[in-house]
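# Pasting the sequence and the predicted coordinates here, then a few questions.
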Amino acid sequence: MPVLSALRLPRQPLGRRVVAAGAATVGAATLALSALSGQAQAAPAQGQPSAAQAAGAQSASAPRQAAQEIIDDQRQYTCFANIVERESGWDHTAQNPSSGAYGLVQALPGEKMASAGSDWRTNPATQIEWGVEYMKERYGSPCGAWSFWQQNHWY
């Protein structure tokens, strides 16, 4: 996943909490961006992550953190996370080569997610918001979708 995508803060609809980046996240982002632009001057201090390690850790956790902010109920988050782990492995650019399903929630077609935002291809938060609404509309909740997924291995 491109580092810049991982560093985006989730889109926040009106009335949502705004997620503030902590000092560690800002530091990792600065280090990663410096490395990408070729401006990294010195190796990180001993015990500190390299730019690549910092970027990888950030990119792996960013969609999960966004989902936890968007889905307030821990049980519903766990159900949502179970589906996303199996459908895309939390890769917001995952694409099924045979069906064309796209993103964290493997929307088919991926363009459906444009109803949640024009940045649906690049912003995990947009995909999460769309996915949660889809699961609510079709299955009643993320846990309803997870129950269906367990029986059918698709949703």
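Okay, I see it.
# Helices of the protein, start to end?
When assigned using DSSP state H, the helices of the chain occupy the ranges 3-6, 23-36, 51-70, 74-87, 124-139, 142-152.
# Could you count how many residues lie near the nearest residue to V105 once chain neighbours are set aside?
Nearest non-adjacent residue to V105, counting by Cβ to Cβ, 6 or more residues apart in numbering: G131, 3.4 Å away. (Each C-beta comes from the backbone N, C-alpha and C, glycine too.) G131 has 28 neighbouring residues, counting by other Cβ atoms under 10 Å.
# and G131, what is it in contact with?
Listed by Cβ atoms under 8 Å, 6 or more residues apart in numbering, the contact set of G131 reads 80, 84, 103-105, 107.
# How much space separates it from R121?
Applying Cβ to Cβ, to the nearest Å, the value for G131 to R121 is 14 Å.
# Now for the closest residue in space to R64 that isn't next to it in sequence: which residues touch it?
In this structure, R64 finds its nearest non-sequential neighbour in W90, 6.3 Å apart by Cβ to Cβ, 6+ apart. Contacts of W90 were listed using Cβ under 8 Å, 6+ apart, and they are 60, 63-64, 84, 104.
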